[in-house]
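Engineer: predicted model and sequence follow; I will ask about them next.
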Amino acid sequence: MPTTYTMPMELLARKLDSCAELTDSDRAAVLGLSHTVRALPARHDIVRFGERPGQCCLVLQGWVSRYAALSEGERQILSFYIAGDMPDLQSLHLHRMDHHLATLTACTIAFVTHDELHRVFRHQPNLIGIFWRDTLIDGAHYRERITSLGRRQALGRVAHLFCELYLRQRAMGLTSGLSCPLAPKQAELADALGLTSVHLNRVLRTLRTRGLVTLGGGVLTIEDWDELAAVAEFDPTFLHQTGYRTPASEPAETV
């Protein structure tokens, strides 16, 4: 299912293209970013609370989460990140981390130093606004998540997250028809949605019984986009994707 890229920074260029319009010179500057690539195991902290990172990470393969940890060992997963996402751009200006960033699965990560990003911004100032837009859209995701946690019932929360994760992966070429990877385990989804694993299991069973989704083998298939979106009261505006198309208009494919 995942699209193959010959250069790591092609993923970043595609992600930025999904929410802005890169000029040829913008694209060349992004593709030319110096970086190092590391393979990291699952459940590995990339950056921890209180640290002062000197680099930003780009997810090349796998899934990453942002989370907050409480003193008694409980956690709240704040965000999920997929290939093409650069989840810690804020560390360019917020010098001390106020959360943890960790791999959910085995991941391949590219690291770009802050000095390298500042160098590129000096030579290609148009990119400052484009990267800023990316962080603002990340903030829009947070506003939707707060709305879900505060006001949506459990069924709507889960449906909304599934719609979001599908559309974000579609923009990166990681979907097939109405199917997409779903790497988070049930306990991790529960931590993101403010539900117990037992409650989440009941919600997933309801979605299956109503014929809205199929889950299996780490793959989510949306069987009825219109109905799932209605249950979620899902409006894709917060994703700010260029060239958005309604998924229901796409022909069904098998993974």
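Structural biologist: Yep, it's here.

Engineer: pull out the buried positions in stretch 56-74.
Structural biologist: Using 16 or more other Cβ atoms under 10 Å as the test for burial, stretch 56-74 gives 56-67. Every C-beta, even on glycine, is put in place using the N, C-alpha and C of the backbone.

Engineer: ok, so of those residues, who is nearest residue 155?
Structural biologist: residue 65 (22.7 Å; Cβ to Cβ).

Engineer: you'd agree the closest one is in a strand?
Structural biologist: Yes: using DSSP: H, G, I helix; E, B strand; the rest coil, the assignment for residue 65 is a strand.

Engineer: my guess is it contacts residue 82. True?
Structural biologist: No: with contact defined as Cβ atoms under 8 Å, residue 65 does not count as touching residue 82 (10.7 Å).

Engineer: a markdown table please, covering the buried residues of stretch 56-74 and showing pLDDT and distance to residue 207.
Structural biologist: What follows is the buried residues of stretch 56-74, written out as a markdown table (pLDDT from 0 to 100; distance: Cβ to Cβ, whole Å):
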| residue | pLDDT | distance to residue 207 |
| --- | --- | --- |
| 56 | 97 | 36 |
| 57 | 97 | 33 |
| 58 | 98 | 32 |
| 59 | 98 | 27 |
| 60 | 97 | 31 |
| 61 | 96 | 28 |
| 62 | 97 | 25 |
| 63 | 98 | 21 |
| 64 | 98 | 25 |
| 65 | 98 | 22 |
| 66 | 97 | 25 |
| 67 | 97 | 24 |
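
Engineer: from the residues you listed, which is closest to residue 122?
Structural biologist: Looking across the buried residues of stretch 56-74 and measuring by Cβ to Cβ, the closest to residue 122 is residue 56, at 16.4 Å.
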